[in-house]
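Colleague: Starting from these lines, generate the structure:
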Amino acid sequence: MRIPFHRPNLPPDLNDLYSDSIKNGWLTTGKQVEKFEDKLSSYLGCKHVVVVNSCTAAMHLSIASKGFEKGSKFILPNLTFVATVECGEYAGMEPVLVDSDPQGFNIDLNHVEDILKKEKNVKAIIPVHYGGFPVDMKNVFELAERYGLFVLEDAAHALESTSSAGKVGNTNHGAAFSFYANKNLTTFGEGGALATNDDDLAHSVKNLSLHGITKDGWKRFDSGEKWEYDIIQLGYKYNMPDIAASFGIWQLNQISDWQEIRIEIVKRYLTGLGNNKGIILPDYTKNDGNAWHLFVIQIKSDSWGITRNEIIDKLVEKGIGVSVHYKPIHMLDYYHRKFEYKSNDFPRSKALFDSVISLPLYPNLSDNEIDYIIATLNDLHSQYSK
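Modeller: Numbers count the residues shown, from 1 in each chain. Sure thing, here's the model as predicted:
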């Protein structure tokens, strides 16, 4: 059996996705993008959504819109994908990495306040909802109010998530979402969005996403408006085309049904792997606000006669695609060299990196495939346990 780590949901006929404007030749940013933004805004319960070509773009444009001085600092978790730290560095800011919570994968908020008491030039914090499990945003917003921070949620995994402060995306700050190929919702493989209730932030991100231009192509060429435009700030080329937005609209219409399926798969994993003494399973509580983008197990190294990496190799040999989320920022060569981090500077995220395996989790994972993954993991522990 061959089970990929991810398998996208596709419509039976791609032609069903295309609007009249696309069929008539309009492929770049236009009416379908506007429609997708409106639907996302309604789903998230926020005032504005600006769709772009990646979550990285949404985060970069949000930081750029705030105009922070070069050399100012931003706080983020060490256990995240590199895009989280890149977006601040693009603006000349200095990252302040924080280790993972002792009881989980998200940023250790107790350590965050310790940093804020000492550091005087921190302007922003980027909490990451790891795997879709929401950060305690009520706490984060209280810290932001106390210390004057801009909060940019890295919600790449968290489209369906609800935190202690409410629906992720319904924020007076900013939340960035990913529509990459393996996310819970994708826009033909690449895409992202910025959600906010801040009029100025939304306007700036929208303008910066297309060269700082006052009119997009639809308004200049195909809507009946006049062609004339202006450039009001130095912008970028991060806009989403209509053809991608049309795919996102189709996916968004089914996101709630797919989320129910993901939760049922999670329950089956928890039941089937519950007696495996070689792994630590994630916690599940009904209505816990988790988007369940990832199902991450932790290997108990003292219970196995082989390493975590050897377990991964054996799963792959059995045809099961798995992944590791993530190699901590301080261990990446560029950041290790630039900031002279040591491997033991962030012990919790280092320990998680050394032990985690992400299993397949997507709506069209079949019952037979789920059973096979469970049986394979249980058999491997029976064979290689100490």
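Colleague: Now for Ile115: which residues touch it?
Modeller: By Cβ atoms under 8 Å, 6 or more residues apart in numbering, the contact set of Ile115 is Ile75, Val96, Val98, Val122. All C-beta spots, glycine's among them, are computed from the backbone N, C-alpha and C.
Colleague: List the buried residues in stretch 151-164.
Modeller: The neighbour-count check on stretch 151-164 (16 or more other Cβ atoms under 10 Å) flags 151-163 as buried.
Colleague: Out of these, the closest to Gly321 would be?
Modeller: Comparing the buried residues of stretch 151-164 against Gly321 with Cβ to Cβ places His157 closest, at 18.0 Å.
Colleague: mind checking the SS state of the closest one?
Modeller: The local conformation at His157, judged by DSSP: H, G, I helix; E, B strand; the rest coil, is coil.
Colleague: Once you drop chain neighbours, what's closest to it?
Modeller: Counting by Cβ to Cβ, 6 or more residues apart in numbering, His293 is the residue found nearest to His157 once chain neighbours are left out, at 3.9 Å.
Colleague: Strands along this structure, start to end?
Modeller: With DSSP state E as the criterion, the chain has strands at 48-52, 73-77, 94-98, 122-125, 150-154, 162-163, 166-167, 174-178, 192-196, 279-280, 295-299, 356-359.
Colleague: ok now do the closest residue to Lys327 other than its chain neighbours, which residues does it touch?
Modeller: Closest residue to Lys327 apart from its sequence neighbours, by Cβ to Cβ, 6+ apart: Phe353 at 5.9 Å. Residues near Phe353 by Cβ under 8 Å, 6+ apart: Leu79, Val324, Tyr326, Lys327, Pro328, Met331.
Colleague: Contact partners for His325?
Modeller: Phe81, Tyr130, Gly131, Leu294, Val296, Val356, Ser358.
Colleague: Can you say which of the strands of the chain is nearest to Ser209?
Modeller: strand 48-52 (5.1 Å).
Colleague: Could you name the helices and strands sitting against that closest one?
Modeller: helix 31-44, helix 55-66, strand 192-196, helix 199-208 (3 or more Cβ pairs under 8 Å, 6 or more residues apart in numbering; DSSP states H and E).
Colleague: do you know which of the ones you listed lies nearest Phe346?
Modeller: Of all the helices and strands packed on strand 48-52, it is helix 55-66 that lies closest to Phe346, at 21.3 Å by Cβ to Cβ.
Colleague: so how far is the closest one off the chain centroid?
Modeller: Centroid separation for helix 55-66 versus its chain: 14 Å, with Cα atoms, centre = their mean, to the nearest Å.
Colleague: count of residues packed around Lys318?
Modeller: 17 (other Cβ atoms under 10 Å).
Colleague: pLDDT wise, what is the residue nearest to it when sequence neighbours are not counted at?
Modeller: Among residues not flanking Lys318 along the chain, Thr376 sits closest, at 5.0 Å (Cβ to Cβ, 6+ apart). pLDDT for Thr376: 98.
Colleague: need the contact list for Thr376.
Modeller: Neighbouring residues of Thr376 by Cβ under 8 Å, 6+ apart: Leu315, Lys318, Ile320.
Colleague: Surely Ile374 is in contact with Arg268?
Modeller: Yes - counting by Cβ atoms under 8 Å, Ile374 touches Arg268, with 7.5 Å between them.
Colleague: got any ranges where the stretch 201-350 of the chain has weak pLDDT?
Modeller: 215-227 (pLDDT under 70).
Colleague: ok, back up a step: buried subset of the contacts of Ile115?
Modeller: In terms of neighbour count (16+ other Cβ under 10 Å), the buried residues within those are Ile75, Val96, Val98, Val122.
Colleague: Please tell me how far the first one sits from Gln233.
Modeller: Remark: distance between Ile75 and Gln233 (Cβ to Cβ, to the nearest Å) = 27 Å.
Colleague: now do the second one
Modeller: Look at Val96 and Gln233: by Cβ to Cβ, they are 28 Å apart.
Colleague: do the same with the third one
Modeller: Val98 is 32 Å from Gln233, where distance means Cβ to Cβ.
Colleague: Turn the buried ones among the contacts of Ile115 into JSON lines, columns for distance to Leu194 and pLDDT.
Modeller: Listed next are these as JSON lines, based on distance: Cβ to Cβ, whole Å; pLDDT from 0 to 100:
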{"residue": "Ile75", "distance to Leu194": "19", "pLDDT": "98"}
{"residue": "Val96", "distance to Leu194": "23", "pLDDT": "98"}
{"residue": "Val98", "distance to Leu194": "23", "pLDDT": "98"}
{"residue": "Val122", "distance to Leu194": "21", "pLDDT": "98"}
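Colleague: and which of these is nearest to Tyr384?
Modeller: Relative to Tyr384, the closest of these is Val98; by Cβ to Cβ it sits at 34.9 Å.
Colleague: I'd say Ile280 and Lys300 touch.
Modeller: Yes - contact criterion Cβ under 8 Å: Ile280 and Lys300 qualify, at 6.4 Å.
Colleague: Done for today, thanks.
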